[in-house]
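Colleague: Here is my input, please return the structure:
(2 chains)
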Amino acid sequence: MKKTIILTLLICIAGFANAQTKYSTKTGKAWFDAGTGMEDITGTNKSVLSVFDASTGKMQFKITIKAFEFWSALLGEHFNENYMESDKYPFSTFSGVVTNMDKVNVAKDGTYPVLVNGKLTIHGVEKQIETKGIFKVSGQSIDASSEFIVTMDDYKIAIPNVVKDKLSKTAKIKINCNYSILK
Amino acid sequence: MYIKSIKLLLIIIFISFSNILFAQDDLLSLVDNGPKPKEYISNAFKSSRVVNGHSMEFIGKGVLDVRILHRFGLINTGFSNLWGLDQASMRFGFDYGVTKNFTVGIGRSTAGKEWDGFLKYRLVQQSVGGKNPSPVSVVLITGATISSAPWEFPDRKNYFSSRMGFYNEVIVGRKFNDKFSAQLAPTHVHVNLVKDANYTNEFFALGIGARYKFSKRSAFVVDYHYLVNSSEIDENLGSSQFENLKNPLSIGFDVETGGHVFQMHFSNSSGMNEKAFITNTTKSWGKAEVSFGFNLSRVFTVAKN
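Modeller: Numbers count the residues shown, from 1 in each chain, chains lettered A, B, ... in the order given. Here you go, the predicted model:
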């Protein structure tokens, strides 16, 4: 009987500890550059939602397309209306896993290179991607960043001929999330 | 004792399961649960004008919109007149977005050698989520017109004020979905100079505008102004001063090509400011007195956000 009670407690504690290993942010940053150098075609989003579960290595992201900010109102209009169709596809998401969690110790401060594999959804199209990233652990927070390139065509984002000089066929994307422990 | 152990075991199994379930759950639901932040609805219309009248749309902060408008002659004048294209009346104008919700603009029309200027302010922007979301946008506009044409009434004193007209307008509009938007725009126009004391200086019109977007870069638009007080017949005049006035109706297509918006349309009106098209439209769709016209809008981002 005593054993059972101890076991129960242990499992409860384990469950509690499990909850403690989740990290989250509501103010992650996403940035992209889809220009060819002729014109500044960059946008910044400062309200990326993300949760990282250090016990399993799972991570998820949700980006509100309309929350991207641009230097020009027209650029924002075109981004939302003509390319991302944000009324139809309001969010971009990523759901994946850090595949080398065995090399990451969230309890120890340091910089850890990570490999992330998962499904990226942009413009309603889901694609499997793999990318490298960096985890900077300091105390209770993790500063996670990654940089990768997506091809517009893969996500069915059509580029009309008239803007082919200005708009690149690929977009460079940077993600930066400063996670803190999810309470 | 034995039964109790089994019970405990069941509880343990249940807790373990709940842990597993919890771990497998959608991680985002842990943070994505608060009230949705307010989201403003924009791009109800391609352009800041439906066709002639103002739309509920704004050009954005720091944006200069250079507008070149053309209104041609009547289509029914036929081939020799190239269906009206031989005659053109134009207005050029500059609109500037001082803030997201405040635009100023000036323009000049060849018709009547008339200058016009306006202030356009968005009181409420349509929104969803957050505190007090609004189902509609409310826009206030006030403008003035000044004719710089040579004085044409030798028997009357040429006051500067006689050349002026004013208009005030409230737009209540809604983007119903990504394709369809509509707006109502009660408009008051005051003209300082009329034929004689029997004529009214005040004109009231109800603007009705709508757009239907049928592809990513093109939309169908309708712009109609109903002259509310045109039915008032002044007994002193024997007939109405509105006798020859018609309600301006324009039907057109918006085509967007990068930084340009072309608005090509057919209309019974050739006026390119509120005073001109509300108090001066005499052509009739019923008599096929329709002209082709276009608005060309080119925006430049002058001040970076």
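Colleague: Taking the centroid of chain A, which residue is nearest it?
Modeller: Taking C-alpha atoms, centre = their mean as the criterion, residue A:61 is the residue nearest the geometric centre of chain A, at 4.5 Å.
Colleague: For that residue, give me its contacts.
Modeller: A:28, A:48, A:49, A:50, A:93, A:94, A:95, A:175, A:177 (C-beta atoms under 8 Å, 6 or more residues apart in numbering or on different chains). Where C-beta positions appear, they are placed from N, C-alpha and C, glycine not excepted.
Colleague: Secondary structure element for it, which one?
Modeller: Remark: residue A:61 resides in strand A:58-64, with elements defined by DSSP states H and E.
Colleague: just the contacts of residue A:61 now: which is nearest residue B:7?
Modeller: Checking the contacts of residue A:61 against residue B:7 by C-beta to C-beta gives residue A:95 as the nearest, at 38.0 Å.
Colleague: So what's the residue count around the closest one?
Modeller: By other C-beta atoms under 10 Å in any protein chain shown, 17 other residues sit near residue A:95.
Colleague: Report the beta-bridge partners for the nearest residue to it once chain neighbours are set aside.
Modeller: Ranked by C-beta to C-beta, 6 or more residues apart in numbering or on different chains and with sequence neighbours excluded, the top spatial neighbour of residue A:95 is residue A:60, at 4.9 Å. Assessed by DSSP bridges, residue A:60 has beta-bridge partners residue A:51, residue A:95.
Colleague: Spit out the contact partners of residue A:60.
Modeller: Contacts for residue A:60 (C-beta under 8 Å, 6+ apart) come out as A:50, A:51, A:93, A:94, A:95, A:96, B:26, B:27, B:28.
Colleague: any idea how far residue A:114 is from it?
Modeller: 15 Å (C-beta to C-beta, to the nearest Å).
Colleague: one step back: hmm, which of the contacts of residue A:60 are the buried ones?
Modeller: A:50, A:51, A:93, A:94, A:95, A:96, B:27, B:28 (16 or more other C-beta atoms under 10 Å in any protein chain shown).
Colleague: Now do the same for the first one: its pLDDT.
Modeller: What the model reports as pLDDT for residue A:50 is 95.
Colleague: For the residue of the stretch 51-200 of chain B found nearest chain A, grab the count of nearby residues.
Modeller: Among the residues of the stretch 51-200 of chain B, residue B:60 lies nearest to chain A; the distance is 2.5 Å by C-beta to the nearest C-beta. For residue B:60, the neighbour count with other C-beta under 10 Å is 23.
Colleague: if we can go back for a sec, return the closest of the contacts of residue A:60 with respect to residue B:253.
Modeller: When the contacts of residue A:60 are ranked by distance to residue B:253 (C-beta to C-beta), residue A:93 comes first, at 36.0 Å.
Colleague: element containing the closest one, please.
Modeller: Using DSSP H and E, residue A:93 maps to strand A:91-98.
Colleague: Tell me what angle the helix or strand just after that strand forms with strand A:58-64.
Modeller: Using DSSP H and E, the helix or strand that follows strand A:91-98 in sequence is strand A:110-122. With axes from the mean of the first three to the mean of the last three C-alpha atoms, to 10 degrees applied, the angle from strand A:110-122 to strand A:58-64 works out at 50 degrees.
Colleague: Now do the strands in chain A.
Modeller: For chain A, strands defined by DSSP state E occupy the ranges A:22-35, A:42-53, A:58-64, A:91-98, A:110-122, A:125-138, A:141-151, A:167-181.
Colleague: where does the stretch 101-250 of chain B dip in pLDDT?
Modeller: By pLDDT under 70, the weakly predicted segments of the stretch 101-250 of chain B are B:231-240.
Colleague: Buried ones in the helix or strand where residue B:209 lies, by neighbour count?
Modeller: Secondary structure from DSSP H and E places residue B:209 in strand B:202-215. By 16+ other C-beta under 10 Å, the buried positions in strand B:202-215 come out as B:203, B:204, B:205, B:207, B:208, B:209, B:210, B:211, B:213.
Colleague: Excluding chain neighbours, what is closest to the residue of chain A found nearest chain B?
Modeller: Nearest residue of chain A to chain B (C-beta to the nearest C-beta) works out as residue A:73 at 2.5 Å. Spatially, and ignoring its direct neighbours in sequence, residue A:73 is nearest to residue B:60 (2.5 Å; C-beta to C-beta, 6+ apart).
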